[in-house]
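Undergrad: predicted structure and sequence below. I'll ask about it afterward.
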Amino acid sequence: MPGRLHTTVRSAPFSLYVHCGFMRRMARRIDTYLKRLVSEEKFDFYSVVRDFADAEISPRILDWERDHTLVPDDAIAKMGELGLFGLPIEERYGGQGGDHTDLVLMGLALGYWSHSVAITPGAALSLGAKPLQLSGTEEQKQAHLPALARGERMFVFGLTEPGRGSDAANPQVTAKKNASGWVINGEKCWSTNAKWASHVIVHALTDPDGRNGRRSTCLIAPMDAPGVHYQEMSGKRVWEQSSTGSIVFDNVQVAADSLLGEEHNGFKVMATTLNGGRLFIAALAVASIAFALDKCSTYAEEREQFGAPIGRFQRVQDVIVDLDIAVERGTTWLMDLCGRFDKGTLSRESAAKCKVDCSQVASDLLVQAMEVCGGVSCLDEFGLIRHHNDLFVTRVGEGSNYALRDLIVRPLRS
Ligand SMILES: Cc1cc2nc3c(=O)[nH]c(=O)nc-3n(C[C@H](O)[C@H](O)[C@H](O)COP(=O)(O)OP(=O)(O)OC[C@H]3O[C@@H](n4cnc5c(N)ncnc54)[C@H](O)[C@@H]3O)c2cc1C
């Protein structure tokens with residue numbers, strides 16, 4: 001890890017949170033595991049983001065929930081000041097020069113309080129900037145990455161459509177070549193960060209007769225191009241502070257140099273990106289388990305029934321132990337897979353397995369954690385219900401767990 005990330009991250013934030021009592025931070029079990037798993041430098045970085053979240057997110061998240069507001073601009077700006085939007089972007093493009101481990105550490109630190117907050121820089125990087133880093137030309141990288149790293153631009157990942165979810169390799173959005181480049185028509189939906197987006201990476205059908213996986217192309221479209229219409233999706237009761245948009249393309253003309261990656265090989269661009277994105281989603285699931293573990297173990301010692309703490313009941317202890325095992329296992333697994341992702345050796349199956357398992361285990365355990373804490377779990381201010389609801393997205397997002405099992409089983413069948 002280049003020193004610059006930590007210099008930047010360390011020097012910027014302290015003034016932001018001294019006033020908010022980060023000294024009162026609750027001890028976190030997850031910290032014990034992370035300390036063993038990552039270098040001192042990386043743990044310092046995690047601690048800075050964790051303390052920022054304790055000071056800036058934790059005291060405000062309940063108000064945002066009750067007011068049904070998206071992550072406010074000032075919170076996004078503060079994450080930008082911390083350098084989070086440039087975290088794994090190469091230093092030569094103005095980023096912090098970090099790696100996927102840093103990104104996942106950020107997910108664990110921010111996701112502890114709010115998936116919505118964590119996914120804002122998380123999706124901007126793992127789904128927005130990543131395809132450009134992996135498949136962009138040098139000109140495209142120079143044109144966009146510095147502004148993305150500064151948080152002045154944001155790319156969204158336009159894969160899902162109203163009629164194409166899991167069957168994403170066969171988009172209904174089309175792009176047709178003309179003398180000036182490409183003309184895009186159709187609709188994308190569930191696009192995270194759409195409200196703040198400067199550009200959308202559109203996965204469009206370009207060769208209907210091509211073989212499976214070779215029918216589509218990725219194009220970079222500016223959100224302010226004529227014919228692009230964005231609307232925030234209403235009625236969403238998960239990740240409530242995260243922007244999720246529908247984006248309609250009505251004869252949108254983009255230039256020939258908007259092509260991202262190879263023509264008719266767009267699904268490869270999207271699929272490669274999703275490997276890293278799935279690790280970030282798994283990190284959110286592990287962050288929820290970590291939160292539930294701290295909450296449950298504290299509550300079980302404080303809450304008395306029948307004249308003694310409920311922590312003396314075997315069944316309550318079982319849940320706490322299961323949460324603890326899941327945090328240690330999840331962090332260990334994630335750190336291993338992030339290392340492989342950075343070396344380019346992470347298989348699609350391995351990333352999928354981690355996402356499927358961490359999200360499944362987390363949502364099962366959250367229900368049990370809520371049961372341990374009883375009726376108080378139903379109160380928004382207690383925090384568990386937020387994780388319970390938000391965890392559903394980790395099961396369907398970036399590939400539904402059921403569909404991903406199809407991918408996982410392939411190498412197991414002869
Ligand atoms: C909050 C949120 C944010 C999102 N952000 C983005 C984003 O930024 N960009 C983006 O492109 N998309 C995004 N998505 C979309 C997400 O990736 C899709 O929801 C997901 O891929 C599943 O697609 P679907 O919801 O259309 O479900 P469908 O594909 O309709 O599937 C419904 C169900 O059918 C079953 N199923 C489908 N296929 C199979 C199969 N092969 N085997 C077994 N069962 C199967 C599964 O149970 C599945 O859950 C987001 C979604 C949410 C909820």
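TA: Happy to help now that I have it.

Undergrad: low-confidence ranges, this structure, go.
TA: Under the criterion pLDDT under 70, the flagged ranges of the chain are 1-26.

Undergrad: can we see that at 80?
TA: Along the chain, the parts satisfying pLDDT under 80 run over 1-27, 414.

Undergrad: who's sitting farthest from the centroid in it?
TA: Going by CA atoms, centre = their mean, the residue of the chain most distant from its centre is Gly307, 43.4 Å out.

Undergrad: run through the bridge partners of Gly245.
TA: Ser191, Glu232 (DSSP bridges).

Undergrad: now do the same contact list for it.
TA: Contacts for Gly245 (CB atoms under 8 Å, 6 or more residues apart in numbering) come out as Val156, Cys189, Ser191, Ala194, Lys195, Ala197, Tyr230, Gln231, Glu232, Met233. For every residue, glycine as well, the C-beta is placed using N, CA and C.

Undergrad: what residue spans form the domains of this structure?
TA: Taking automatic domain parsing as the reference, the chain has its domains at 3-149, 155-267, 271-412.

Undergrad: nearest to the ligand, of those domains?
TA: Of all these, domain 155-267 sits nearest to the ligand, with 1.8 Å by CB to the nearest ligand atom.

Undergrad: give me the neighbour count for Tyr46.
TA: Tyr46 has 22 neighbours, counted by other CB atoms under 10 Å.

Undergrad: hang on, it in a helix?
TA: Yes: counting by DSSP: H, G, I helix; E, B strand; the rest coil, Tyr46 falls inside a helix.

Undergrad: distance to the ligand added to the domains of the chain, as CSV?
TA: Converted to CSV, those look like this (distance: least, CB to the nearest ligand atom, whole Å):
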stretch, distance to the ligand
domain 3-149, 6
domain 155-267, 2
domain 271-412, 3
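
Undergrad: I figured Trp239 hits His115, correct?
TA: Yes: at 5.6 Å, Trp239 counts as touching His115 under the criterion of CB atoms under 8 Å.

Undergrad: who has more neighbours out of the two?
TA: Taking other CB under 10 Å, Trp239 and His115 do not tie; His115 has more neighbours (31 against 24).

Undergrad: quick check: the residue farthest from the centre of the chain vs Trp190, distance?
TA: According to CB to CB, to the nearest Å, Gly307 and Trp190 sit 50 Å apart.

Undergrad: check which element follows the longest helix anywhere in the chain along the chain.
TA: When the chain is parsed with DSSP state H, its longest helix is helix 266-302. Using DSSP states H and E, the helix or strand that directly follows helix 266-302 along the chain is strand 304-305.

Undergrad: can you tell me the strand partners of that following strand and which way each runs?
TA: Here, using DSSP bridges, strand 304-305 pairs with strand 308-309 (antiparallel).

Undergrad: residues in contact with the strand it pairs with?
TA: Here strand 308-309 makes contact (CB under 8 Å, 6+ apart) with Ala300, Glu301, Glu302, Arg303.

Undergrad: PyMOL command to pick out the buried ones of those residues?
TA: Buried residues within the contacts of strand 308-309, by 16 or more other CB atoms under 10 Å, are selected in PyMOL with:
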select buried, resi 300
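
Undergrad: now the contacts of strand 308-309 as a markdown table including distance to Asp357?
TA: Below are the contacts of strand 308-309 laid out as a markdown table (distance: CB to CB, whole Å):
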| residue | distance to Asp357 |
| --- | --- |
| Ala300 | 26 |
| Glu301 | 29 |
| Glu302 | 31 |
| Arg303 | 31 |
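
Undergrad: follow-up on the earlier one: okay if I get the contacts of Gly245 as CSV plus neighbour count?
TA: Shown next, in CSV, are these (neighbours: other CB atoms under 10 Å):
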residue, neighbour count
Val156, 28
Cys189, 20
Ser191, 24
Ala194, 24
Lys195, 18
Ala197, 26
Tyr230, 18
Gln231, 12
Glu232, 12
Met233, 13
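
Undergrad: next, the angle helix 266-302 makes with the host helix or strand of Asp102.
TA: Asp102 belongs to helix 100-111 when assigned by DSSP H and E. When axes from the mean of the first three to the mean of the last three CA atoms, to 10 degrees is applied, the directions of helix 100-111 and helix 266-302 differ by 50 degrees.

Undergrad: any idea which helix or strand comes after helix 100-111?
TA: Following helix 100-111 toward the C-terminus (DSSP H and E): helix 115-123.

Undergrad: work out the gap between that following helix and the centre of the chain.
TA: Distance of helix 115-123 from its chain centroid, counting by CA atoms, centre = their mean, to the nearest Å, is 5 Å.

Undergrad: tell me what angle it forms with helix 266-302.
TA: Using the same axes, to 10 degrees: helix 115-123 against helix 266-302 is 150 degrees.

Undergrad: buried set for helix 115-123?
TA: His115, Ser116, Val117, Ala118, Ile119, Thr120, Pro121, Gly122, Ala123.

Undergrad: for the last one, which non-adjacent residue is spatially closest?
TA: If the residues on either side of it in the chain are set aside, Ala123 comes closest to Thr192, at 4.2 Å by CB to CB, 6 or more residues apart in numbering.

Undergrad: test my guess that that neighbour contacts Leu125.
TA: No: look at Thr192 against Leu125 with CB under 8 Å: they stay out of range, at 11.6 Å.

Undergrad: tell me which of those two has more neighbours.
TA: Neighbour totals were compared for Thr192 and Leu125, and Leu125 leads with 31 against 26 (other CB under 10 Å).
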